[in-house]
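> 3D, please:
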Amino acid sequence: MSTALPAPVAATVGLTLTDAERREVEELALDLSGTAPRLVDEHRWREAARTLACRLPLRIREEIRRYRHDPGPDGLLVLRNLPMDESWLPRTPTVAGSVERQATLPASVVSLVSHELGEVVAYRAEKSGALVQNVVPIPGMEESQSNAGSTLLELHVENAFHPHRPDYVGLFCLRGDDTGMAGTFVSSIRRALALLPEDVREVLAAPRFVTEAPPSFQSGQAPCHPVLDGAQGDPDIRVDFHATKPLDAEAAEALDSLRLALLEVAALLVLRPGELAYVDNRVAVHGRTSFQPRYDGRDRWLHRTFVHLDNRRSAGHRPGGGAVLV
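Next up, the predicted model:
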């Protein structure tokens, strides 16, 4: 990835809650966090989250509805000034596969908003199928191309190998990086497409690529697929620059051209506590800057959620109609 950092995302992108709206969301989160059995993955708790989400402040629901209709040129929605307080938090987790099973206040906040956006899902082979996952640096995994690493993370579509990839990836900041070095790259094919010659687009729209699954999924690689798919003038993108491989020399050149174009139009998102970003996983890729974790209990800590718009598409992969894909 280029050593030059992209421009930061403007503070005007998305919605900043008023203090009154923040208090409304906190009251809903308190209600949800106390709902029996106080377990994020349990069916009754998820039903409560879906119901309470309908009571979110009107401006949040309006902003989410607009975003669902059209994710805009960057495929990005940022909600700021959501309830978050350092006193709510223990030390930043440092164990691999860290997830949030208990209905904490931060988990309740991100669950409320995510259930208003769509259907919250997870993957059995990833983070043991937890619906709210922790994105934290893990000792010994610094070089990992995953959410547990702290090295530069390549631009990628989340679970690019999977037939039922998330439509949206949510990242809610509980604790920021005090050094200011840790940020999320976001880049949209809607901005990059104009930088690609027609012949390159044609190659990228052909099934001349394969994407390997992580070992935990035990599924090898997906069938050959195009990187760009759908409307010629507004395609979806399916690529992981660490795991997607071209099948021939021309496809390799096209993939390199795409990566350079995405880097040229990329933006940098540095989340602060109480800020929640959604990336449209159909039109945008994301990555991470490198940073230096201290493992002192105060490292960067995000909650991550995956959201589908239409649960029926993946019904055959979700036994019993649950939220976890197998």
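
> Tell me which other helices or strands the helix or strand that contains Ser114 touches.
Ser114 is part of helix 105-117, with elements assigned from DSSP states H and E. On a contact count with 3 or more CB pairs under 8 Å, 6 or more residues apart in numbering; DSSP states H and E, helix 105-117 meets helix 19-33, helix 43-53, helix 58-69, strand 168-175, strand 276-280, strand 301-308. In this view, the C-beta of every residue, glycine as well, is placed from N, C-alpha and C.

> Output those in CSV; the columns should cover distance to Ser188.
Compiled in CSV, the helices and strands packed on helix 105-117 are given as follows (distance: least, CB to CB, whole Å):
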stretch, distance to Ser188
helix 19-33, 28
helix 43-53, 26
helix 58-69, 13
strand 168-175, 13
strand 276-280, 8
strand 301-308, 18
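
> To Ser87, which of these lies closest?
Set against Ser87 and scored by CB to CB, the helices and strands packed on helix 105-117 come closest in strand 168-175, at 11.8 Å.

> mind listing what's buried in stretch 58-73?
60-61, 63-64, 67-68, 71-72 (16 or more other CB atoms under 10 Å).

> Quick one: distance of that stretch to the chain centre.
Its chain's average C-alpha position is 17 Å from that of stretch 58-73, according to CA atoms, centre = their mean, to the nearest Å.

> Relative to Glu116, which of the helices and strands packed on helix 105-117 is closest?
With CB to CB, the closest approach to Glu116 among these belongs to helix 43-53: 4.1 Å.

> Just the pLDDT for His308.
At His308, the model reports a pLDDT of 98.

> Surely it is in contact with Val169?
No: the criterion here is CB atoms under 8 Å, and His308 misses it with Val169 at 11.3 Å.

> dump the residue contacts of Phe185.
Contacts for Phe185 (CB atoms under 8 Å, 6 or more residues apart in numbering) come out as 1, 6, 155, 266-269, 286-289.

> Can you tell me who it pairs with across the strands?
Assessed by DSSP bridges, Phe185 has beta-bridge partners Leu268, Gly287.

> Strands of the stretch 151-300 of the chain, residue ranges please.
Assigned strands in the stretch 151-300 of the chain, in chain order: 153-156, 168-175, 184-188, 209-211, 228-231, 234-237, 244-246, 267-269, 276-280, 284-288 (criterion: DSSP state E, counting those that start in this stretch).

> Would you convert these into CSV that also reports distance to Thr94 and mean pLDDT?
Listed next are those as CSV, based on distance: least, CB to CB, whole Å; pLDDT from 0 to 100:
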stretch, distance to Thr94, mean pLDDT
strand 153-156, 18, 92
strand 168-175, 13, 98
strand 184-188, 21, 95
strand 209-211, 30, 96
strand 228-231, 39, 97
strand 234-237, 33, 98
strand 244-246, 30, 97
strand 267-269, 24, 93
strand 276-280, 23, 98
strand 284-288, 18, 95
